[in-house]
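# Let me see the structure of the following:
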Amino acid sequence: MTRDPNERLTLVGPGLALVIVHMQHDIVDADRPFGALFAPEIEAKNVVAACARAADAVRAAGGLVIFARIAFDPSGDDLHANIPLLAMAKDAGCLINGTPGAEIIEQLDVTDDDVVLTHTRPGPFTGTELEKTLQDQAIRDVAVAGVATNASVEATIRQAGDLGFSPFVLSDACAAADNAQHEASLATMGGLFASVITVEQMAEALP
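Just a heads-up that it's a prediction; the model follows:
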């Protein structure tokens with residue numbers, strides 16, 4: 001559900017993880033393969049700055065910041081293009097480990113205390129240590145931001161909920177290819193799978 005601004009939300013910093021999804025050059029930069037699709041909405045919604053604010057708030061409260069990056073071996077052996085989204089990545093020859101396009105954008109500072117997680121499926125829990133990392137840190141609540149709202153952001157929310165975490169989607173820190181897809185995904189998540197909050201609401205709920 002979308003949170004009422006007047007409703008009291010309480011989050012405990014050490015029990016909160018922020019997962020920032022796919023803020024990588026090949027996905028964010030306007031001149032890169034997926035950036036041509038997503039960059040206009042990322043810029044219009046000021047998503048990069050919102051992700052940075054969210055990360056700063058979570059770090060300050062003692063929470064965990066995780067950058068999820070999707071990237072594949074240069075051999076292509078780990079790119080199973082069984083769905084259109086991954087077929088697009090294969091056809092574009094992008095998101096290859098070791099190339100600048102696969103790296104997290106420099107506008108988002110990655111600190112020594114952050115976790116950078118590499119995965120090969122739209123959902124970052126699949127085939128990775130993400131669930132164990134959250135459990136080892138006694139994480140209860142998972143906030144999600146990044147690109148795209150209706151793809152890997154929503155996939156992360158659904159996976160987190162399935163695994164027993166309490167998911168929150170940061171509505172002003174994510175974007176899709178167009179606003180209609182973004183809003184439709186938020187409506188689906190807020191109605192069924194997560195709490196929809198803003199970065200400001202999250203920050204105000206932290207000690």
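# hang on, residue 120 packs against residue 72?
Yes. Counting by Cβ atoms under 8 Å, residue 120 sits close enough to residue 72 to count as a contact (5.9 Å). Using the backbone N, CA and C atoms, a C-beta is placed for each residue, glycine as well.
# Compare those two (neighbour count), which wins?
Legend: neighbour count by other Cβ atoms under 10 Å for residue 120 and residue 72, higher for residue 72 (23 against 20).
# Once you drop chain neighbours, what's closest to the more buried one?
Computed as Cβ to Cβ, 6 or more residues apart in numbering, the closest residue to residue 72 that is not its neighbour in sequence is residue 79, at 4.3 Å.
# hmm, back to that, what touches both of residue 120 and residue 72?
Shared between the contact lists of residue 120 and residue 72 (criterion: Cβ atoms under 8 Å, 6 or more residues apart in numbering) are residues 78, 79.
# How far does the helix of greatest length in the chain sit from its chain's centre?
In the chain, with assignment by DSSP state H, the single longest helix is helix 47-60. Distance, stretch centre to chain centre, for helix 47-60: 12 Å (Cα atoms, centre = their mean, to the nearest Å).
# can you pull the buried residues of stretch 44-54?
Using 16 or more other Cβ atoms under 10 Å as the test for burial, stretch 44-54 gives 45, 47, 48, 50, 51, 52, 53, 54.
# ok so, going back, mind listing what the residue nearest to residue 72 touches?
Residues in contact with residue 79 (Cβ under 8 Å, 6+ apart) are 72, 73, 86, 89, 90, 120.
# Low-confidence bits of this structure, can you list those?
Within the chain, the ranges that satisfy pLDDT under 70 run 1-8.
# in its sheet, what does the lengthiest strand in the chain sit against?
Of all the segments of type strand in the chain, defined by DSSP state E, the longest one is strand 166-175. Strand pairing for strand 166-175, determined by DSSP bridges: strand 141-147 (parallel), strand 195-197 (parallel).
# quick one: which of those is nearest residue 185?
strand 195-197 (10.0 Å; Cβ to Cβ).
# who touches the closest one?
Contacts to strand 195-197, defined as Cβ under 8 Å, 6+ apart, come from residues 1-3, 9, 143, 166-171, 186, 189-190, 205.
# Buried among these? Make that a ChimeraX selection.
To isolate the buried members of the contacts of strand 195-197 in ChimeraX, using 16+ other Cβ under 10 Å:
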select :2,3,143,166,167,168,169,170,171,186,189,190,205
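# between the contacts of strand 195-197, which is nearest residue 29?
residue 170 (21.6 Å).
# The closest one and residue 202: what is the separation?
6 Å (Cβ to Cβ, to the nearest Å).
# ok, now residue 126?
From residue 126 to residue 202 the distance is 25 Å (Cβ to Cβ).
# More neighbours: which of those two?
Neighbours were counted for residue 126 and for residue 202 using other Cβ under 10 Å; residue 202 has more, 27 against 12.
# which residues does the more buried one contact?
Contacts of residue 202 (Cβ under 8 Å, 6+ apart): 9, 11, 54, 57, 58, 143, 168, 170.
# make it 7 Å
Residues near residue 202 by Cβ atoms under 7 Å, 6 or more residues apart in numbering: 11, 54, 57, 143, 168, 170.
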